[in-house]
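Novice: Structure, please.
(one chain, ligands or ions: 1)
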Amino acid sequence: MQKSIERIAGDSEGVSYEFPVFRFEGADKAAPSAYLQAALHAGELPGVVAIDALMPMLAKAESEGRIKGAITIVPWANPIGRAQYHFGEHQGRFHLGTRTNFNRGFPLLAAPDTALFPAHGTPDQQLKARLLQLSLGHDIVLDLHCDDEGLAYLYVHTSLWPAMADCAAAMGVDAVVLWSEDSDGTFEGASIMPYQNVPADVARFDRRVATTVEYRGMLDVDGALASSDAEGLYRLLVARGVIADPALPAPGAFTGAVAPLENIDMMPAPRAGAILYDVKPGDRVAKGARLATIVHAPGETGGRTEVFAPQAGLILTRRSRRIIRSGEDLLKLVGDRKSADARSGTLED
Ligand SMILES: [Zn+2]
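Specialist: Sure, this is the predicted structure:
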């Protein structure tokens, strides 16, 4: 394994950003290769500790000559966001300088060709270009995030499903959300779009994997979860031939929920106030079930507003904080059919 340091120039003198990249050289040039990154949203740490737990497993495989495909790992993908504190609170989701989400604005290339990259830009744009450059060319690209509070789930482009069902089973996630359009330039979109209109021998959809992994919630940074998530990542790498491990059984069928993005109800809050949730991630709800009560005028007649499920489904996520403004989303309900409020466009990660 080799460690190198990437440097991103800041936009003032004396400021620059660094992050480490770890590379395992594969023994077989024909074997699938893998790229893993975590904490693109810099405060989302379940993937960081999962990678920390995975590294000794990779080191052991390397010492035994079982790493077949090249593996590139970026455990802390966002040194810019990692350093952003605003009035004592960490702000890892948006770049404070440009107000741009760190997981938006990736270049959507017409082909997997790094010569098509924009050469300059703000530090966050340079970081995005560099991360995409590091990842392009790998058959398997995993972007490890987490939600606010939630189940473990994946975003997967429709062109890769159900071919990626073995990956979802290997990782042991609870749900898969399928998406088809990315106009905003998420990292996942930028990882898959360059392969949509190229010859089949370049696209290689038979072995391609690209996904945004949502490892539950912000507070699910836990040793036991990190170990089980690392085992899931390892099973995926074995199942897809990046690592050889004949002792490991092949993943079974994926038994979690699978739904298109348009089936998700986000439940914008009708009023601002304090949220009393009736449901938590993992709950199944019937149409009309109460999801939450918003206390907007405490102690006053009519000071509570209830929110009900518009359709039956699975509670995928909810907010970790209990204060909400009107119009902000209360939760993600994965419905059995298309949401009447389906948001067009990108995955919400
Ligand atoms: Zn995220």
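Novice: So which residue is dead centre in this protein?
Specialist: residue 212 (3.0 Å; C-alpha atoms, centre = their mean).
Novice: what are the phi and psi angles of that residue?
Specialist: Phi and psi for residue 212, reported as degrees, to the nearest 10, are phi -90, psi 120.
Novice: That one and residue 145 touch, don't they?
Specialist: Yes: using C-beta atoms under 8 Å, residue 212 is in contact with residue 145, at 5.8 Å. C-beta: built from backbone N, CA, C; applies to glycine.
Novice: Can you pull the residues that touch both of the two?
Specialist: Taking C-beta atoms under 8 Å, 6 or more residues apart in numbering as the contact rule, residue 212 and residue 145 both touch 103, 349.
Novice: Give me every residue in the stretch 101-250 of the chain lying close to the ion.
Specialist: residue 145 (C-beta under 5 Å from the ion).
Novice: please redo it, this time with the cut-off set to 8 Å
Specialist: By C-beta under 8 Å from the ion, the residues of the stretch 101-250 of the chain that approach the ion are 103, 145, 146, 147, 212, 214.
Novice: now, among these, which is nearest to the ion?
Specialist: Nearest to the ion, judged by C-beta to the ion, of those is residue 145 at 3.3 Å.
Novice: Can you report how many residues lie near the closest one?
Specialist: The tally of other residues near residue 145 (other C-beta atoms under 10 Å) stands at 21.
Novice: pLDDT averaged over the helix or strand that contains it, what's the number?
Specialist: Assigned by DSSP states H and E, residue 145 belongs to strand 140-147. On average, the pLDDT along strand 140-147 is 98.
Novice: List the pairing partners of the next helix or strand along the chain from it within its sheet, with orientation.
Specialist: Once strand 140-147 ends, the next helix or strand along the chain (criterion: DSSP H and E) is strand 149-150. Here strand 149-150 is paired, per DSSP bridges, with strand 313-318 (antiparallel).
Novice: Tell me what angle the partner strand forms with strand 140-147.
Specialist: Interaxial angle, strand 313-318 versus strand 140-147 (axes from the mean of the first three to the mean of the last three C-alpha atoms, to 10 degrees): 80 degrees.
Novice: just the strands in the stretch 201-349 of the chain please.
Specialist: For the stretch 201-349 of the chain, the strands defined by DSSP state E, counting those that start in this stretch occupy 209-217, 257-260, 264-265, 273-277, 284-285, 290-295, 304-308, 313-318, 323-324, 331-335.
Novice: Would you mark the buried spots in the fourth one?
Specialist: Of all the residues in strand 273-277, those buried under the rule 16 or more other C-beta atoms under 10 Å are 273, 275, 277.
Novice: For the residues you listed, give me TSV that also has distance to residue 80.
Specialist: TSV is the format used below for the buried residues of strand 273-277 (distance: C-beta to C-beta, whole Å):
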residue	distance to residue 80
273	34
275	31
277	33
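Novice: how about those residues in JSON lines, adding distance to the ion and pLDDT?
Specialist: Below are those laid out as JSON lines (distance: C-beta to the ion, whole Å; pLDDT from 0 to 100):
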{"residue": "273", "distance to the ion": "26", "pLDDT": "98"}
{"residue": "275", "distance to the ion": "21", "pLDDT": "98"}
{"residue": "277", "distance to the ion": "21", "pLDDT": "98"}
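Novice: ok, of those, which one's closest to residue 126?
Specialist: Checking the buried residues of strand 273-277 against residue 126 with C-beta to C-beta, the nearest one is residue 275 at 38.5 Å.
Novice: Pretty sure the closest one sits against residue 292.
Specialist: Yes: Residue 275 is in contact with residue 292 according to C-beta under 8 Å; the separation is 5.4 Å.
Novice: what is in contact with those two at once?
Specialist: Between them, residue 275 and residue 292 share the contacting residues residue 330, judged by C-beta under 8 Å, 6+ apart.
Novice: Next up, the contacts around whichever residue of the stretch 201-349 of the chain sits closest to the ion.
Specialist: Among the residues of the stretch 201-349 of the chain, residue 349 lies closest to the ion, at 4.7 Å counting by C-beta to the ion. The contact partners of residue 349, by C-beta under 8 Å, 6+ apart, come to 41, 103, 145, 147, 155, 186, 212, 214.
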